[in-house]
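# have a look at this prediction, sequence included:
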Amino acid sequence: MPSHSKLSNALVACRDLCFSYDTAVEPLLSDVTAHFPRGFTGIIGANGAGKSTLLRLLVGKLLPTSGVIEGVDDAVYCEQRTDYPPPMFADFLEDPSSQAYQLRGRFGVEVDFLARWISLSPGECKRAQIAHALWRMPDLLALDEPTNHIDADARDLLVQNLKHYRGVGLVVSHDRALLDALCTQCLWLEPPRASVFPGGYSEADSQRLMQRERAVKARDKLLQENKKLQREMTRRRSQAAGEHKARSKRGLVGKDSDAREKINRARVSDGKAGSGLRQMSGRAAQAQTRLAQASVEKAFATGIWLPGSTSPRDAVLKLAPGELALGNNRTLRWPQIVIKPDDRIAIAGTNGVGKSTFLRHVTGLLSVPQDKVVTLEQEISAEKSAAVLEALRQQDKSVLGHLMNVVSRLNSRPERLLVSRQPSPGEVRKLMLAIGIVRAPFVLVMDEPTNHLDLPSIQALEVALQSCPCALIVVSHDQRFLHNIGVTGWRIETDAAGESILHVD
């Protein structure tokens with residue numbers, strides 16, 4: 001049975017930690033041993049590798065199948081989803097202390113956020129979630145994708161505040177700059193194994209790749225040694241068989257005493273080849289054991305091609321100047337808009353100016369068949385995620401195989417996805433993208449597409465979008481991603497009266 005104990009020095013540790021979901025054939029985590037000192041540790045790994053599960057285990061929201069967790073009782077977990085306000089959020093809004101006042105001001109948290117939670121943008125919800133967590137000042141702070149949805153200014157503010165945190169911090173993130181700025185070590189999950197490397201993401205990744213290169217060289221050397229021993233074994237077997245035949249008395253004339261005496265002397269010495277063969281067999285067995293122990297984590301191929309197509313119409317969207325209600329007595333205005341079949345548009349702006357609202361509005365007005373529009377929403381609810389996975393399981397084998405191949409090329413393991421009870425947000429986004437790909441879309445509409453994705457998946461998506469021939473409309477705060485896919489920038493800004501205005505380049 002698992003056990004928990006409190007450490008007085010705020011160190012968090014796990015020893016021989018194992019965890020399996022009831023529906024899984026293999027454990028998700030196996031014999032994970034690690035120490036997490038004060039400061040931040042980055043938790044790195046592919047979507048579905050168990051990063052969020054490990055956070056939930058360490059903060060006490062899940063019980064391990066076996067193993068020991070040593071930690072603190074005072075822990076806060078900021079999960080990826082922001083469907084609901086965090087516990088004690090009302091207390092944070094009402095707290096008159098200077099600390100609460102400063103946090104609310106820095107993160108733009110208004111006193112009516114609780115009442116308006118369902119109408120807030122995902123970025124506003126994420127800022128409020130993190131401000132509330134910092135207000136609680138826990139001994140253990142676990143952050144799951146903290147930069148999802150937030151704009152550049154909020155991200156810089158987040159980094160500045162987290163640098164002053166003095167407890168044990170755990171952070172799951174695809175934001176390489178954040179990990180480099182905060183982390184003193186990184187734990188790399190490659191199920192069922194886990195390895196700890198010093199430094200932020202860049203240093204840890206370099207150490208991990210060097211370790212893998214050394215392991216590959218050691219394994220290759222053992223393979224060569226094993227092949228050489230097997231060739232020598234074959235030669236000595238042949239030699240031993242010849243000596244055995246020479247020592248045989250079969251076929252000798254009954255009174256040929258001289259020949260029999262020579263054979264007896266050879267048998268007393270037991271034959272050099274036979275003795276050498278036994279020695280060689282022992283060496284070969286030892287080499288096989290070393291080779292079996294020299295495991296190297298399998299590297300899976302990544303990279304997809306989006307078989308999109310180009311709409312035959314002269315434009316996929318023609319929109320006259322207009323305005324749209326945003327709520328809270330605010331509006332968004334735009335000029336005349338025309339999007340051509342091969343245009344690639346990025347819509348930028350700070351949190352709360354109406355980017356996602358505008359994206360949903362124009363998606364419903366596109367002049368292409370709906371089955372030729374692929375939409376990736378910014379946030380996908382847990383209920384919808386489960387429904388998408390269940391619909392996948394009902395597909396026939398040929399369709400399922402094609403979809404799972406795309407998911408695999410986006411750095412997820414299909415066998416783990418299919419047996420999961422609740423897929424991770426990143427896995428759901430990959431799955432929805434895979435479902436859309438088979439429709440050869442005319443338009444891709446993507447709201448914060450890099451949210452929740454692991455780094456190899458982001459890079460694979462960038463390459464795919466660079467050559468995709470269909471129209472692209474994307475909202476993203478990830479400037480590196482936007483630069484790599486090559487887009488025309490539109491921007492939503494607020495005027496002096498607080499109204500949002502779309503500026504089209």
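Arrived safely.

# what about the nearest residue to Pro441 once chain neighbours are set aside, is that helix, strand or coil?
Using CB to CB, 6 or more residues apart in numbering and skipping residues adjacent in sequence, the residue nearest Pro441 is Val374, 4.3 Å away. From N, CA and C alone the C-beta is placed, and that goes for glycine too. Three-state call for Val374 (DSSP: H, G, I helix; E, B strand; the rest coil): strand.

# can you check Phe113 too?
The three-state label given to Phe113 by three-state DSSP is coil.

# what about it, how many residues close to it?
Neighbour count of Phe113, defined by other CB atoms under 10 Å: 23.

# next: Ala128.
26.

# who's in contact with it?
Pro85, Phe89, Phe107, Val109, Phe113, Leu120 (CB atoms under 8 Å, 6 or more residues apart in numbering).

# lowest pLDDT pick from these?
Among the contacts of Ala128, Leu120 carries the weakest pLDDT, at 88.

# which residues touch that residue?
Phe113, Ala128, Gly352.

# now the second one: which helix or strand?
For Ala128, the host element (DSSP states H and E) is helix 122-136.

# mind listing what's buried along that helix?
122-135 (16 or more other CB atoms under 10 Å).

# residue contacts, Ile406?
Quick fix: residue 406 is Val, not Ile. Listed by CB under 8 Å, 6+ apart, the contact set of Val406 reads Ile304, Lys430, Leu433, Ala434, Ile437.

# state the distance from the residue nearest to it when sequence neighbours are not counted to Ala391.
In this structure, Val406 finds its nearest non-sequential neighbour in Ala434, 3.8 Å apart by CB to CB, 6+ apart. Distance, Ala434 to Ala391, using CB to CB, to the nearest Å: 12 Å.

# between the two, which one's more packed in?
Set Ala434 next to Ala391 and count neighbours by other CB under 10 Å: Ala434 wins out with 21 against 11.

# the more buried one belongs to a strand?
No - going by three-state DSSP, the assignment for Ala434 is helix, not a strand.

# for it, which residues are in contact?
Counting by CB under 8 Å, 6+ apart, Ala434 has contacts Leu403, Met404, Val406, Val407, Leu410.

# save these as TSV, and put in distance to Asp151 and secondary structure too.
Shown next, in TSV, are those (distance: CB to CB, whole Å; DSSP: H, G, I helix; E, B strand; the rest coil):
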residue	distance to Asp151	secondary structure
Leu403	33	helix
Met404	35	helix
Val406	31	helix
Val407	30	helix
Leu410	26	coil
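
# so which residues of the stretch 1-150 of the chain form strands?
3-6, 12-19, 29-36, 39-45, 66-71, 75-78, 140-144 (DSSP state E, counting those that start in this stretch).

# quick one: closest of the ones you listed to His483.
Counting by CB to CB, His483 lies closest to strand 39-45 out of the strands of the stretch 1-150 of the chain; the figure is 23.1 Å.

# contact partners of the closest one?
So strand 39-45 is in contact with 51, 54-55, 162, 165, 168-173, 179, 182-191, 196, 200-201, 204-205, 454, going by CB under 8 Å, 6+ apart.

# which of the three states applies to the nearest residue to Thr331 once chain neighbours are set aside?
Sequence neighbours aside, Glu323 is the residue nearest to Thr331 in space, at 4.8 Å (criterion: CB to CB, 6+ apart). The three-state label given to Glu323 by three-state DSSP is strand.

# and the pLDDT for Glu323?
92.

# that one and Thr357, how far apart?
Distance of Glu323 to Thr357, computed by CB to CB: 12 Å.

# joint contacts of these two?
Leu332.

# which one of those two is surrounded by more residues?
Using other CB under 10 Å, the more surrounded residue of Glu323 and Thr357 is Thr357, with 18 against 13.

# helix or strand with the lowest mean pLDDT in the protein?
The helix or strand of the chain with the poorest confidence is strand 3-6; it has a mean of 44 (mean pLDDT, DSSP states H and E).

# tell me the spacing between Ile150 and Phe36.
According to CB to CB, Ile150 stands 25 Å off from Phe36.

# the residue nearest to Thr331 against Arg333, yeah?
Yes - under the criterion of CB atoms under 8 Å, Glu323 makes contact with Arg333 at 4.4 Å.

# quick one: pLDDT of Leu170?
On pLDDT, Leu170 comes in at 97.

# just give the nearest non-adjacent residue to it, would you?
Per CB to CB, 6+ apart, closest to Leu170 is Ala142, 4.5 Å.

# same check, this time on Val504
Using CB to CB, 6+ apart, the nearest residue to Val504 is Trp490, at 5.3 Å.

# so what strands line up beside the strand or helix carrying that neighbour?
Using DSSP H and E, Trp490 sits in strand 488-494. Paired neighbours of strand 488-494 in the sheet (DSSP bridges): strand 344-348 (parallel), strand 500-503 (antiparallel).

# tell me which of these is the most buried.
Most buried of these, by mean neighbour count (mean count of other CB atoms under 10 Å): strand 344-348, with a mean of 21.

# tell me the mean pLDDT for that strand?
For strand 344-348, mean pLDDT is 92.

# could you identify the helix or strand that succeeds that strand?
helix 355-363.

# contacts for that next one?
For helix 355-363, the surrounding residues in contact (CB under 8 Å, 6+ apart) are 121-122, 317, 319, 324, 326, 332, 334, 337, 347-349, 373, 375, 378, 445, 447, 473, 475, 492, 502.

# cool, and stretch 409-421?
21-25, 28, 46-48, 191, 300-304, 389, 392-393, 404, 407-408, 423, 426-427, 430-431, 433-434, 453-454, 456-457, 460-461.

# and for Asn351, the neighbour number?
There are 21 residues near Asn351, going by other CB under 10 Å.

# in stretch 367-384, what counts as buried?
Val368, Lys372, Val373, Val374, Thr375, Leu376, Glu377, Gln378, Glu379, Ile380.

# over to stretch 114-123?
Leu114, Trp117, Leu120, Ser121, Pro122, Gly123.

# ok, stretch 169-187 next?
169-176, 178-183, 185-187.

# one more: stretch 156-173?
For stretch 156-173, by 16+ other CB under 10 Å, it's 157-159, 161-162, 165, 167-173.

# correct me, but Trp490 touches Ile347?
Yes - using CB under 8 Å, Trp490 is in contact with Ile347, at 5.0 Å.
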